[in-house]
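Peer 1: no sequence for this one, just the structure:
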């Protein structure tokens, strides 16, 4: 069984706590288990400013956006506020005769092949699970799309994977990320997998138009998952997803 770990480096200061020496640190991903019940982070020497390096076990996590929270405790036994980071867990598969050598991501606007934010890979291979930090601090509140693509040993870029999400700053200044849907692979042979983050209370309308603006496909979905089986000629198309509250339009490619 493979074990996948996420490496973090974090500089923590006593301002995250109460101005005393930091004597304990811990992290949790997802639901908060309570003070002192999260996974401990080793502290060799207490101090008021520490550089913490640790790995987080992500083997049981599902693919998608994840949040890791780190908090520290001082010598008086008082816990400080947690520091939160956003990362994305991505699983990529290549063909049997090639290996994945590069992965990159970008948000909303494609900068061109090789110009996205590079993701550090633990190794090259045909079947990789990769986790990476996603910089969402500069995003405006609203809907966005995270794009991920991988490159093989022959420098050929593969299918595009994208995840639609909503970014929102909370009243306490934290960033809240809510996934909306995933669609992959893109480009594809006409069969696309669609997965919503939750069951839909109202029908979600999906329409596809060609480059001339002619509607060539239309359907409604209520389930969390489904397939788009498009019997269309190869080329570029525009996919539009409309729900009661959100609208997305994306380019898809049929080989």
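Peer 2: Received the coordinates, thanks. Computed from a predicted model, the values in this text were never measured in an experiment. Numbers count the residues shown, from 1 in each chain.
Peer 1: what's the spacing between the residue in the chain sticking out farthest from the centre and residue 24?
Peer 2: Here the centre of the chain is the reference, and by CA atoms, centre = their mean the most remote residue is residue 76, at 37.2 Å. According to CB to CB, to the nearest Å, residue 76 stands 11 Å off from residue 24. (C-beta placed from N, C-alpha, C; glycine too.)
Peer 1: now do residue 232
Peer 2: 59 Å.
Peer 1: Between the two, which is the more surrounded one?
Peer 2: Comparing residue 232 with residue 24 by other CB atoms under 10 Å, the one with more neighbours is residue 24, at 19 against 13.
Peer 1: For the helix or strand harbouring the more buried one, name the packing helices and strands.
Peer 2: Using DSSP states H and E, residue 24 sits within strand 22-29. Packing partners of strand 22-29 (3 or more CB pairs under 8 Å, 6 or more residues apart in numbering; DSSP states H and E): strand 5-13, strand 39-41, strand 49-57, strand 64-74.
Peer 1: what's the angle between it and strand 64-74?
Peer 2: 160 degrees (axes from the mean of the first three to the mean of the last three CA atoms, to 10 degrees).
Peer 1: what does strand 22-29 contact?
Peer 2: 8, 12, 14, 36, 38-41, 43, 46-48, 50, 52, 54, 56, 58, 61, 66-75 (CB atoms under 8 Å, 6 or more residues apart in numbering).
Peer 1: List the buried residues in the helix or strand hosting residue 238.
Peer 2: Residue 238 belongs to strand 235-242 when assigned by DSSP H and E. With burial defined by 16 or more other CB atoms under 10 Å, the residues of strand 235-242 counted as buried are 237-239, 241.
Peer 1: Equivalent analysis for stretch 68-82, please.
Peer 2: 68-74, 79-80, 82.
Peer 1: which two in the residues you listed are spaced the farthest apart?
Peer 2: Longest distance between any two of the buried residues of stretch 68-82 is 21.3 Å, between 68 and 74; criterion CB to CB.
Peer 1: quick revisit: next helix or strand past the strand holding residue 238?
Peer 2: That would be, after strand 235-242 and using DSSP H and E, strand 247-254.
Peer 1: so the strand holding residue 24 versus strand 49-57, what angle?
Peer 2: 30 degrees.
Peer 1: for strand 22-29, what is the average pLDDT?
Peer 2: Strand 22-29 carries an average pLDDT of 88.
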